[in-house]
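[1] Okay, predicted coordinates and the sequence, questions at the end:
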Amino acid sequence: MSRRTSARTPDALRRRRRRRLLLMTSPLWGAALVLGLRLITAPATISAARAEYDDGQFQLAAPHYARLQGFPPVERWKAYFDAGTAYHRSEQSWSALDDLGRALELAPDDALCMVQTNLALANEAAGDSVVEGAERRLAEAAEVRVALAARDAGEPYDEEVLDPYGDGTEQDPDEIEDGARSDFEFAGLLYSDATDLRALPGCESQSSAAAAASDEARGRLDEKEQEATAAADPEDQLGTEPAPTGSPAELAAARQADLAERNAEAANGREQTLQEGADEDGEGDGDRGGGSSQNW
């Protein structure tokens with residue numbers, strides 16, 4: 001009886017209420033602790049990302065910037081913009097498209113121009129990458145046709161070209177070419193998106209040099225889109241050049257040489273694109289990613 005009475009003393013009741021209050025508020029304390037840790041580590045994360053970006057280590061900078069996404073003290077669009085730009089500079093086009101697309105949704109009016117510009121650059125780079133893959137597919141299909149022709153003629157051929165996995169399933173050149181045409185069609189859509197981004201309002205106050213560079217970029221994108229569309233449906237093109245003639249081996253060699261030339265042109269185009277981004281943004285440091293958006 002005495003123990004029951006002592007448990008109901010004022011001090012015991014206060015202790016019990018404190019314990020209940022602590023239990024009820026423990027999730028809030030946990031969230032506050034996590035937020036506090038993020039506040040403490042945020043400056044180090046920003047500093048590391050800037051240093052990596054300025055040092056050209058874009059692949060390392062991108063995930064550091066990505067950690068700041070959704071972080072309250074940081075303007076959300078900047079975290080997505082810097083991460084997306086770093087992904088673009090490290091040739092991770094699809095991650096760049098995701099983050100820069102989100103940055104465009106969140107950016108204030110005075111930042112729209114540079115976000116649109118970098119998102120257009122990312123779309124163009126993605127299109128270039130898809131075109132390169134389509135060209136490789138066409139070269140592969142040509143090699144398969146050469147091997148099939150050699151086998152039918154009783155001449156030596158590379159069995160791995162026909163059955164690369166060694167499981168008895170031969171490659172179908174028609175299917176490979178169909179895949180290449182689908183890739184070209186997708187690349188055309190990416191180039192079209194890039195052109196549309198270049199035409200969006202938001203860059204009215206840019207310098208005359210930047211406006212000229214943007215006009216040049218739109219012309220380049222139109223040309224790339226037309227080439228990709230033509231490659232996606234070559235039979236639908238009127239007034240095309242006659243089909244090349246020669247032996248299967250000669251045709252394959254010619255396609256390989258053309259592929260190497262296109263890859264070199266694409267690489268050079270990306271270098272020009274990065275310099276163009278620097279000129280348009282007036283920062284002299286690429287696409288205004290990383291270190292150029294430092295006002296956190």
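    Arrived safely. A quick note: this is a predicted structure, and the numbers were derived from the prediction, not measured.

[2] any low-confidence regions in the stretch 1-150 of the chain?
    For the stretch 1-150 of the chain, the stretches with pLDDT under 70 are 1-8, 10-50, 55, 57, 60, 64-65, 67-74.

[3] now the strands for it?
    Using DSSP state E, counting those that start in this stretch, the stretch 1-150 of the chain contains no strands.

[4] Can you give the contact residues for stretch 149-168?
    143, 144, 146, 147, 148, 169, 170, 171, 248 (C-beta atoms under 8 Å, 6 or more residues apart in numbering). Yep, even glycine has a C-beta here, placed from its N, CA and C like the rest.

[5] nearest to residue 66, of those?
    residue 171 (38.6 Å; C-beta to C-beta).

[6] Just the buried residues of the contacts of stretch 149-168.
    Buried by 16 or more other C-beta atoms under 10 Å: 143, 144, 146, 147, 148, 171, 248, out of the contacts of stretch 149-168.

[7] Now for these: which two are most distant?
    171 and 248 (14.9 Å).

[8] could you redo the contacts of stretch 149-168 as a markdown table and give each row distance to residue 106?
    Below are the contacts of stretch 149-168 laid out as a markdown table (distance: C-beta to C-beta, whole Å):
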| residue | distance to residue 106 |
| --- | --- |
| 143 | 47 |
| 144 | 47 |
| 146 | 52 |
| 147 | 52 |
| 148 | 53 |
| 169 | 48 |
| 170 | 50 |
| 171 | 45 |
| 248 | 54 |
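
[9] In helices only, show me the buried ones among the contacts of stretch 149-168.
    The helices, defined by DSSP state H, take in 143, 144, 146, 147, 148, 248 from those.

[10] Residue 155 versus the third one, what's the distance?
    In this structure, residue 146 and residue 155 are 10 Å apart, going by C-beta to C-beta, to the nearest Å.

[11] give me the element residue 161 is part of.
    Assigned by DSSP states H and E, residue 161 belongs to helix 159-162.

[12] Would you mind writing the CA trace of that helix as PDB?
    Output of helix 159-162 as PDB, limited to C-alpha atoms (Å, rounded to 0.1, in the frame of the first residue of the first chain):
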ATOM      1  CA  GLU A 159      32.400 -16.400 -86.300                       C
ATOM      2  CA  GLU A 160      32.300 -14.000 -83.300                       C
ATOM      3  CA  VAL A 161      30.800 -11.300 -85.600                       C
ATOM      4  CA  LEU A 162      27.800 -13.500 -86.300                       C
END
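
[13] Give me the buried positions along that helix.
    161, 162.

[14] same question, stretch 198-216
    Within stretch 198-216, the residues scored as buried using 16+ other C-beta under 10 Å are 198, 202, 203, 206, 210, 213, 214.

[15] for it, how far is the first residue from the last?
    End-to-end distance of stretch 198-216 (C-alpha to C-alpha, to the nearest Å): 11 Å.

[16] So residue 116 sits against residue 203, correct?
    Yes: Residue 116 is within contact range of residue 203, at 6.9 Å (criterion: C-beta atoms under 8 Å).
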